[in-house]
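S.K.: Sequence isn't available, so here's the structure alone:
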Ligand SMILES: [Zn+2]
C-alpha cells in the first residue's frame with residue numbers, strides 16, 4: 001500500500017489507539033475530540049480512488065479495522081453470496097461475511113503493513129466479541145420508540161407501553177394504551193405506530209433545543225442558582241435573628257424572680273412567642289428549600305453544556321446510541337401526550353417541556369405501506385445547492401416561498417435548515433441571521449396554511 005505520509009501516520013495512529021483503547025466507540029470519540037479526520041478513498045464512480053479526509057464515524061473506523069489490506073495481505077472472497085436469497089429492494093444476492101479462516105484466497109506479507117497478520121486476526125476476534133448484535137445493525141435514522149416511558153394516552157391519561165414488532169416484519173414499534181386490555185375489554189384505548197410520532201417530536205426537540213437557546217438556558221440556570229444562593233443567605237440571616245431573640249427572651253425569663261409571678265408569666269409568654277416564630281420560620285424555609293429544589297442534576301447540567309456545542313450533529317452521529325438519544329430527549333421533555341382518536345388520520349401530540357411550557361402539534365398517521373418520513377428530496381437538494389452562499393434563514397425563506405414543506409408538512413425554519421446542513425456535513429458555522437428568537441413556545445405548532 002503506497003500511502004502519502006499523512007495517511008500513513010493517521011492510519012498508524014488508528015491502529016495504535018485501537019491497541020490502547022480496545023473499544024471502537026472510544027477510539028472514534030478520541031479521534032473526534034482531537035479533531036483528527038480519517039483518510040477515505042472515494043468509491044463513488046465520479047471520483048473513484050481519490051482521497052478525501054472525513055470526520056471519523058463508527059462505520060469508517062470499523063471498515064479500517066476489518067480491512068486485511070492494512071495487515072499487508074491480499075485477500076479475495078471475504079463475503080459469500082447466496083443467489084437464491086436476493087434483496088427484494090435491490091435484487092442483489094444477499095451477502096454473508098466469512099470468518100478469516102474461511103477466506104478462499106489469502107496472501108499474507110503481500111505488501112508493507114500497519115499491523116501484523118496475527119494482530120489483525122486478533123482484532124477481528126476482538127471486534128466480534130465486543131460487538132453486540134444490536135449495534136452491528138447500525139443505528140436506525142428514525143427512532144425506535146424513543147419516547148418509551150414518557151408517552152401518555154391523551155384520552156385516559158395512562159402511561160402507554162411499547163409493543164415491539166417481530167424483527168422480520170420490519171415495522172416500527174407501536175405505542176399502546178393498555179387500558180382496554182387491563183379492564184378486560186376487547187379493544188385497547190388507542191394504539192399508534194411510534195415512527196411518525198418519534199420523528200415529529202425529535203424535529204421539534206432539535207429546533208427548540210438549538211445551540212443558542214441552550215446557551216440561554218444554561219445562563220438562566222446559572223442566574224436562578226445565583227438567586228437561590230442569595231435567597232438562602234437572606235433566610236439564614238433571618239432565622240439567626242429569630243433564634244437570637246428567642247435566646248434573649250429565655251435569658252430574661254431565667255433572670256426573673258419566680259416569686260414575681262406576673263412578670264414571669266409575661267416573660268414566658270414572650271419567650272414562647274419567639275420560639276413559635278423560630279419554628280414558623282424553619283417550616284417556611286424548609287418549604288422554600290423544597291420548592292426551589294432545582295430539577296437538574298450535575299450530570300444533566302454537564303450534559304446540557306456538552307449538547308450546546310452541537311446537538312443535531314450529536315443526535316445524528318453514528319456513535320450516538322438510541323439509549324443516548326432517549327436520554328437527550330428526557331433532558332428537555334417531561335412527557336408527551338398523544339391522542340390519535342379525536343381527529344381522523346391525525347395524532348394530536350402535546351409535548352410537555354421540563355421548562356413548564358407545552359408545544360402542540362398534529363402528526364399525520366402513516367397509512368399502511370407508506371413509509372416516507374424524510375424531508376422531501378427536492379427540499380434537500382435545494383438546501384445543498386444554497387448552503388454555500390446563503391444563510392439558514394434565507395434558505396428557509398426560499399424553500400417556504402417555493403411551497404416546499406418539511407417531512408411533516410410544516411414550514412421550514414432556519415433551525416431546521418441548519419439541522420439538515422449539519423447532518424449532511426454542510427455546516428459552515430455561519431451566522432444565522434433571523435434565528436435569534438429560538439425559544440419560541442410556538443416553534444412546534446403546525447404552521448400549515
Ligand atoms: Zn387510554
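M.R.: Thanks, I have the structure now. Nothing here was measured: the structure is a model prediction, and the numbers come from that model.
S.K.: Spell out which parts of the chain neighbour the ion.
M.R.: Within the chain, the positions near the ion by Cβ under 5 Å from the ion are 153, 155, 156, 177, 179, 189. From N, CA and C alone the C-beta is placed, and that goes for glycine too.
S.K.: Among those, find the one with the greatest number of neighbours, please.
M.R.: Highest neighbour count within the residues of the chain next to the ion, by other Cβ atoms under 10 Å: residue 177, with 26 neighbours.
S.K.: Format the residues of the chain next to the ion as TSV; extra columns: secondary structure.
M.R.: Formatted as TSV, the residues of the chain next to the ion follow (DSSP: H, G, I helix; E, B strand; the rest coil):
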residue	secondary structure
153	strand
155	coil
156	coil
177	strand
179	helix
189	coil
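S.K.: Using a markdown table, please lay out those residues together with pLDDT.
M.R.: Formatted as a markdown table, the residues of the chain next to the ion follow (pLDDT from 0 to 100):
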| residue | pLDDT |
| --- | --- |
| 153 | 90 |
| 155 | 86 |
| 156 | 84 |
| 177 | 86 |
| 179 | 67 |
| 189 | 82 |
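S.K.: Quick check: the two most widely separated of those residues?
M.R.: The most widely separated members of these, counting by Cβ to Cβ, are 155 and 179 (8.4 Å).
S.K.: what is in contact with these two at once?
M.R.: By the contact definition Cβ atoms under 8 Å, 6 or more residues apart in numbering, residue 155 and residue 179 are jointly contacted by residue 189.
S.K.: Tell me the secondary structure at residue 355.
M.R.: Taking three-state DSSP, the label given to residue 355 is coil.
S.K.: Could you report the pLDDT at it?
M.R.: Confidence at residue 355, expressed as pLDDT, is 71.
S.K.: State the distance from it to residue 199.
M.R.: To residue 199, residue 355 is 22 Å away according to Cβ to Cβ, to the nearest Å.
S.K.: More neighbours: these two, which one.
M.R.: Comparing residue 355 with residue 199 by other Cβ under 10 Å, the one with more neighbours is residue 199, at 20 against 15.
S.K.: isn't the more buried one right up against residue 407?
M.R.: Yes. Counting by Cβ atoms under 8 Å, residue 199 touches residue 407, with 6.8 Å between them.
S.K.: Helix, strand, or coil at residue 259?
M.R.: Using three-state DSSP, the structure places residue 259 in coil.
S.K.: so how many other residues sit close to it?
M.R.: For residue 259, the neighbour count with other Cβ under 10 Å is 7.
S.K.: Residue 230 too?
M.R.: With other Cβ under 10 Å as criterion, residue 230 counts 10.
S.K.: Look up which helix or strand it falls in, please.
M.R.: Here residue 230 sits within helix 211-255, counting by DSSP states H and E.
S.K.: Look at residue 400 and give its secondary structure.
M.R.: Under three-state DSSP, residue 400 falls in the helix class.
S.K.: Tell me the confidence at it?
M.R.: You'll see residue 400 listed with a pLDDT of 91.
S.K.: ok, now which ones touch it?
M.R.: 411, 412.
S.K.: Of all the residues in stretch 240-251, which ones are buried?
M.R.: Neighbour counts over stretch 240-251 (16 or more other Cβ atoms under 10 Å) mark 242, 243, 245, 246, 249, 250 as buried.
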